[in-house]
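In: no FASTA, just this:
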């Protein structure tokens, strides 16, 4: 059996990494899926500078036997294969040792400062609040499952958080892990402008409104599509109000639950409520939003 070690990748784990940044360890069968994402786009600033360090741990390095098997048939029968607990336990112990923590991890929730995230359709849906929780800590261990699932004994012993991208099924946890890394990285200082964060969807509990750029008049199939005049007038107060109104309108039409939550939290002003009062009724639960 291999002793196991993190792969080398341009993600802040090398000599250029700065001390004190967030560190995310990723246990995966496919570490090669991460390289392109971590080295491109604006978030590469966070990974390259070491503000977010990413260390990839190939799971087969912790498997035994000539074939380094990491899965087997489920007890009780049924379709698919189940990821074995032993390789995952060894990988988790190696990560903890590399972080200077005791290799033997107490059962959750006593995680000794290392959140262990398992991506699964049964987990809590990832939202901006989850992203901020992860970004405000010191990182986490991300476990990317595959096949039919993971042996429950590993989950019971090591996992502190179960997270999901939504109500659909992927072939593995890598895409969810990449989504988390991207969302956390863009919150780091110097990656994007702070005022961009403040206008993001969900930053204040609402969806972000529409955007326009050049040209002022766009000709499509003989029709002139205009930029809303308020955006061209230079009156910053009116522009801010227009953007807020469009955000409220879009959220009310597509995610009325977010409007209810914002109202309950006291985040809606009198002007917000007046804008909402001028809209038509919100769609009934389960009714598709208007396009």
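Out: Right, received. Where do you want to start? Keep in mind the model is a prediction, meaning the values are calculated, not measured.
In: Using the three-state scheme, assign the closest residue to residue 177 other than its chain neighbours.
Out: Excluding its sequence neighbours, the residue lying closest to residue 177 (CB to CB, 6 or more residues apart in numbering) is residue 142, at 4.6 Å. For glycine as for every other residue, the C-beta is placed from the backbone atoms N, C-alpha and C. Secondary structure, DSSP: H, G, I helix; E, B strand; the rest coil: residue 142 is strand.
In: for residue 142, what are its contacts?
Out: 24-27, 117, 119, 173, 177, 180-181 (CB atoms under 8 Å, 6 or more residues apart in numbering).
In: what are the ranges of the strands in the stretch 51-200 of the chain?
Out: Applying DSSP state E, counting those that start in this stretch to the stretch 51-200 of the chain gives strands spanning 52-58, 71-72, 82-83, 116-125, 139-143, 149-150, 161-164.
In: Out of those, which is closest to residue 240?
Out: Evaluated over those, closeness to residue 240 peaks at strand 116-125, with 30.4 Å, by CB to CB.
In: Does anything pack onto that closest one? Which helices or strands?
Out: strand 139-143, strand 149-150, strand 161-164, helix 174-185 (3 or more CB pairs under 8 Å, 6 or more residues apart in numbering; DSSP states H and E).
In: Comparing those, which comes out most buried?
Out: Neighbour counts (mean count of other CB atoms under 10 Å) averaged over each of the helices and strands packed on strand 116-125 peak at strand 139-143, with a mean of 26.
In: okay, the angle between that one and helix 174-185?
Out: 170 degrees (axes from the mean of the first three to the mean of the last three CA atoms, to 10 degrees).
In: Save the strands of the stretch 51-200 of the chain as TSV, and put in distance to residue 270 and mean pLDDT too.
Out: Output for these, formatted as TSV (distance: least, CB to CB, whole Å; pLDDT from 0 to 100):
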stretch	distance to residue 270	mean pLDDT
strand 52-58	40	97
strand 71-72	58	95
strand 82-83	54	96
strand 116-125	32	95
strand 139-143	41	97
strand 149-150	50	94
strand 161-164	37	96
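In: Can you convert those into JSON lines and add a column each for distance to residue 266?
Out: Formatted as JSON lines, those follow (distance: least, CB to CB, whole Å):
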{"stretch": "strand 52-58", "distance to residue 266": "33"}
{"stretch": "strand 71-72", "distance to residue 266": "49"}
{"stretch": "strand 82-83", "distance to residue 266": "45"}
{"stretch": "strand 116-125", "distance to residue 266": "24"}
{"stretch": "strand 139-143", "distance to residue 266": "31"}
{"stretch": "strand 149-150", "distance to residue 266": "41"}
{"stretch": "strand 161-164", "distance to residue 266": "28"}
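In: sorry, back to before: of all the helices and strands packed on strand 116-125, which lies closest to residue 70?
Out: strand 149-150 (10.4 Å).
In: Provide the contact partners of the closest one at residue level.
Out: 80, 82-83, 85, 88, 118, 120, 143.
In: Just the buried ones from these, in ChimeraX syntax?
Out: ChimeraX command restricting those to the buried ones, with burial defined by 16 or more other CB atoms under 10 Å:
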select :82,83,85,88,118,120,143
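In: Nearest to residue 213 among the contacts of residue 142?
Out: Nearest to residue 213 among these: residue 181, at 28.4 Å, using CB to CB.
In: Next, the buried residues of the lengthiest helix in the chain.
Out: Looking across the chain with DSSP state H, the single longest helix is helix 236-254. Buried positions in helix 236-254, judged by neighbour count with 16+ other CB under 10 Å: 242-254.
In: Kindly report the same for stretch 264-284.
Out: Buried, per 16+ other CB under 10 Å, within stretch 264-284: 268, 272, 275-276, 282.
In: contacts for it?
Out: So stretch 264-284 is in contact with 204-205, 241, 244-245, 248-249, 252-253, 256, 259, 262, 289-290, going by CB under 8 Å, 6+ apart.
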